[in-house]
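*Asks:* got a structure for you, letters missing:
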DNA sequence: CCCCACCGTTGCCAAAAAAGCAACAGATGA
DNA sequence: TCATCTGTTGCTTTTTTGGCAACGGTGGGG
């Protein structure tokens, strides 16, 4: 049942109780047995783990370090045993993903497919939502892992990896602006534009710049879905403002082109892979996060 | 010597070799012994870890998850054994810290002192440098942990915790601007200011704002050390631009006051605790990082 | 086709490790 | 000083683990 040496189990209990005999009582073994395991451990590690006081045993420095590690291993153990329970019970473990629309289209399905090949007994829940909702779901435990854009720092959220992508204008290849390598916002003011919903780009530098500089856009539509924005842009109804990840497929098909915004007020879009800070990650989740991080890093390199 | 069950050691080798007998050969034990450990492990976990093929054993899904965890435990084990080697050899383990000046004055010494109380056999190296240098030292392995301000994201660096602090103007309590709760940059233009060195605030929003808005400051001095800036400000020679952490002691002594800048172009200062992404953290380092994170979070709450 | 090589598995027995029991020395507090 | 707590140590028993040989099954090559 226990995945680590009995010596370490005994060590943890002795450290907790501060006494060999009390620990032995809790462990339902003789005190001498516990004592021998501790002595053997100290001999093999060649480091004193306790200082013997007339009133009991107090941890040494090395002992404190080891205890910290052992406790972490115990958490890991409980975690993986829980995953095995899931696999035994429901037939598979579950990873609940919440992501912004940019990645739910292409990247996430690709990663999930690769993951399923190796770890077939893992099931997914994939939700598409806005960054604020994703952060809420992470901290509340409704989702296990999230992909957000430009999330504001949150003490209860741990960011595993960030990637930045240039923010830019998206249009049909035959659009006049498509001949430029980079465009400026005021270039776009001469044409129709398609803006995201208020909620979608709240807090972004695009919002700030628009509000501040009062660029007069002739807005054709405001959309709440990237999917809609792309459809309108594909129909040649205006210029959209997205990041390159949003249109990888359309770019491959030659339907849309991406031209970065060169205005220096416009910051890059930052995608974050994040999880709850306190909640330990199950091995399945850790593996998935790793695979996702590498994929994101690769896409960042590609532009 | 090994800190985890022989069953897990055997399991890892079998997974690596894909065969009981080859694993047994490498482990210098009989194949039957290895087999029994695997069978016992599967029975206790109540989960099949391998699928038996005529050509050998292939990991199941659960096995892949367990393998990932076991490999991580093995890395942890090597790590802590290395720390014990240090303690046995040099008499103590070492944590090499590189930090910006904001924290080397008060916060870090306080945390190091608290740390020394519990883990006396740990020695420190404390360097004060600029963010760019800190990041370099982290990725090169010259330092174990760093505290940076407004560090640009780096794929080889992992941020354990971030905290934001308002950026503001620092002056003597009798300064005319000290009567305001918040100040704007153009308020300061009427007085002498003390600016940091070019290197110090490179990339900050202060630099951008100054360069962009062309606010005409009568600069009394440019300094490369926060210490010098504070000294000049304390002498009433001008307004300095710092974050509240820089002047906690001076504020307590009533020598200086902090007034946040309310210009909306001025972003908060972000302090990051970061380590190398790939390099595993020793237990001592993890404990120190944890203590430091909590302290930083507490100071963030306080203002 | 058979045979050989390789696989995992199992029964039997020896070796090793862990646990239980009782007694010991040392320190503390009533 | 006695009672009581601590960790420690022989000695014995119990449990676990490993070694050896043999078995049943599969796949490839002569």
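*Replies:* Looks like it came in fine. On a predicted model such as this, the values are computed, not experimentally measured, just so you know.

*Asks:* Next up, the contacts around residue A:245.
*Replies:* If you count contacts by C-beta atoms under 8 Å, 6 or more residues apart in numbering or on different chains, residue A:245 has them with A:102, A:103, A:106, A:107, A:165, A:271, A:299. (Glycine included, C-beta is placed from N, CA and C.)

*Asks:* Reformat those residues as JSON lines; add neighbour count, secondary structure and distance to DNA strand C.
*Replies:* Output for the contacts of residue A:245, formatted as JSON lines (neighbours: other C-beta atoms under 10 Å in any protein chain shown; DSSP: H, G, I helix; E, B strand; the rest coil; distance: C-beta to the nearest atom of the strand, whole Å):
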{"residue": "A:102", "neighbour count": "23", "secondary structure": "helix", "distance to DNA strand C": "45"}
{"residue": "A:103", "neighbour count": "26", "secondary structure": "helix", "distance to DNA strand C": "40"}
{"residue": "A:106", "neighbour count": "16", "secondary structure": "coil", "distance to DNA strand C": "40"}
{"residue": "A:107", "neighbour count": "20", "secondary structure": "helix", "distance to DNA strand C": "38"}
{"residue": "A:165", "neighbour count": "22", "secondary structure": "strand", "distance to DNA strand C": "47"}
{"residue": "A:271", "neighbour count": "26", "secondary structure": "strand", "distance to DNA strand C": "43"}
{"residue": "A:299", "neighbour count": "18", "secondary structure": "helix", "distance to DNA strand C": "39"}
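
*Asks:* now the residues you listed as JSON lines including pLDDT?
*Replies:* Written out in JSON lines, the entries for the contacts of residue A:245 read as follows (pLDDT from 0 to 100):
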{"residue": "A:102", "pLDDT": "88"}
{"residue": "A:103", "pLDDT": "92"}
{"residue": "A:106", "pLDDT": "86"}
{"residue": "A:107", "pLDDT": "91"}
{"residue": "A:165", "pLDDT": "89"}
{"residue": "A:271", "pLDDT": "92"}
{"residue": "A:299", "pLDDT": "90"}
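
*Asks:* I'd like the distance from the longest helix along chain A to the chain centre, please.
*Replies:* Residue-count comparison of every helix in chain A, with assignments taken from DSSP state H, identifies helix A:61-90 as the longest. Helix A:61-90 has its C-alpha centroid displaced from the chain centroid by 21 Å (C-alpha atoms, centre = their mean, to the nearest Å).

*Asks:* OK, now which residue of the stretch 101-250 of chain A is nearest to chain B?
*Replies:* Evaluated by C-beta to the nearest C-beta, the stretch 101-250 of chain A has residue A:121 as its residue closest to chain B, separated by 3.7 Å.

*Asks:* Residue A:20 reaches residue A:11, doesn't it?
*Replies:* No: counting by C-beta atoms under 8 Å, residue A:11 is not a contact partner of residue A:20; they are 11.0 Å apart.

*Asks:* Can you pull the residues that touch both of these two?
*Replies:* With C-beta under 8 Å, 6+ apart as the test, residue A:20 and residue A:11 both reach residue A:38.

*Asks:* if you count what's nearby, which of the two comes out ahead?
*Replies:* Using other C-beta atoms under 10 Å in any protein chain shown as the criterion, residue A:20 and residue A:11 rank with residue A:11 on top: 26 against 21.

*Asks:* For that one, what are phi and psi?
*Replies:* Main-chain dihedrals, residue A:11, degrees, to the nearest 10: phi -60, psi -40.

*Asks:* Go ahead and confirm it touches residue A:67.
*Replies:* Yes: the pair residue A:11 / residue A:67 is scored as a contact, 7.5 Å apart, by C-beta under 8 Å.

*Asks:* Output the set of residues of chain A in proximity to DNA strand D.
*Replies:* Within reach of DNA strand D by C-beta under 7 Å from any atom of the strand, chain A has these residues: A:14, A:19-22, A:31-32, A:35-36, A:38-39, A:52, A:54-57.

*Asks:* The same query, at a cut-off of 6 Å, please.
*Replies:* Contact residues (C-beta under 6 Å from any atom of the strand) of chain A with DNA strand D: A:19-22, A:31-32, A:35-36, A:39, A:52, A:55-57.

*Asks:* Tell me which two of those sit farthest apart.
*Replies:* Distances among these were taken as C-beta to C-beta; the most separated pair is A:36 and A:55, at 21.2 Å.

*Asks:* quick one, which of the two is more surrounded?
*Replies:* Counting neighbours by other C-beta under 10 Å for residue A:36 and for residue A:55 shows that residue A:36 has the greater number, 13 against 8.

*Asks:* Measure how buried the one residue in the stretch 151-300 of chain A that gets nearest to chain B is and give me the count.
*Replies:* Ranked by C-beta to the nearest C-beta, the top residue of the stretch 151-300 of chain A for proximity to chain B is residue A:283, at 4.5 Å. Neighbourhood size, residue A:283 [other C-beta under 10 Å]: 22.

*Asks:* again with the one 10 residues further on
*Replies:* Applying the criterion other C-beta under 10 Å, we find 18 residues in the vicinity of residue A:293.

*Asks:* got the contact list for it?
*Replies:* Residue A:293 makes contact with A:160, A:161, A:273, according to C-beta under 8 Å, 6+ apart.

*Asks:* so of those, which ones are in strands?
*Replies:* For the contacts of residue A:293, the ones inside strands are A:160, A:161, A:273, with DSSP state E as the criterion.

*Asks:* Setting aside sequence neighbours, what's the nearest residue to the second one?
*Replies:* I take that to be residue A:161. residue A:293 (4.2 Å; C-beta to C-beta, 6 or more residues apart in numbering or on different chains).

*Asks:* And for residue A:198?
*Replies:* residue A:222 (7.6 Å).

*Asks:* and if you look at residue A:199?
*Replies:* Beyond its immediate neighbours in the sequence, the residue positioned closest to residue A:199 (C-beta to C-beta, 6+ apart) is residue A:130, lying 5.9 Å away.

*Asks:* wait, isn't that neighbour in contact with residue A:198?
*Replies:* No: judged on C-beta under 8 Å, residue A:130 makes no contact with residue A:198 at a distance of 10.9 Å.

*Asks:* Would you mind telling me which of those two has the busier surroundings?
*Replies:* Between residue A:130 and residue A:198, counting by other C-beta under 10 Å, residue A:130 is the more crowded of the two (19 against 10).

*Asks:* ok, now which ones touch the more buried one?
*Replies:* Contacts for residue A:130 were tallied using C-beta under 8 Å, 6+ apart; they are A:100, A:199, A:200.
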